[in-house]
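> coordinates only, sequence not included:
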């Protein structure tokens, strides 16, 4: 479903990024699946392509979680919480990655800023976000259910 709704997810990500940029003082607008902002007297943008979106990774983990929950006794609640947390961490990391690309473009110019930030910094942020999301996901999905005793707070 996330892959089928990929265009809507990417448009949401672009809108979220425009909001983030505006909150930190960078004038930005979402235009479909891209966020645009002024740079050196002209409007430029960064597009959320399929490879730059959280949808494919989230869909992959959602499918894997469904298969795991079907094959072994996992709490559906834990799986849903795990996937939700995973998607949230993916989204935050991706928003940070795009904000870093925009900041570097504004600091170093369009070509050099994009080149440095997209390849080096963007990959580092994505990797750290991915690892953090997976660790959190596994911990949430595989944790032991808490048993409440009557009268305990």
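Received it, and whenever you're ready, just let me know what you need. Only a predicted model underlies this, so the values are computations on that prediction, with no experimental measurement involved. Residues are numbered from 1 along each chain as shown.
> for the chain, which segments count as strands?
Shown for the chain, the strands assigned by DSSP state E span residues 29-31, 34-39, 42-47.
> spatially nearest residue to the spatially most central residue of the chain (excluding sequence neighbours)?
Residue closest to the mean C-alpha point of the chain, counted by C-alpha atoms, centre = their mean, is residue 91 at 2.0 Å. Taking C-beta to C-beta, 6 or more residues apart in numbering, and ignoring the residues beside it in sequence, residue 91 has residue 54 as its nearest neighbour in space, at 5.3 Å. Yep, even glycine has a C-beta here, placed from its N, CA and C like the rest.
> touching, residue 114 and residue 103? I think so.
No: with contact defined as C-beta atoms under 8 Å, residue 114 does not reach residue 103; the gap is 11.2 Å.
> centre of the chain to stretch 48-64, how far?
With C-alpha atoms, centre = their mean, to the nearest Å as the basis, stretch 48-64 stands 9 Å off its chain's centre.
> pull the residues that contact the helix or strand of the chain with the lowest mean pLDDT.
Lowest on mean pLDDT, DSSP states H and E among the helices and strands of the chain sits helix 55-71, with a mean of 82. Residues from elsewhere that reach helix 55-71 (C-beta atoms under 8 Å, 6 or more residues apart in numbering): 1-3, 5-6, 9-10, 50, 74, 76, 79, 82-83, 86-87, 90, 130, 137, 141.
> appreciated, that's everything.
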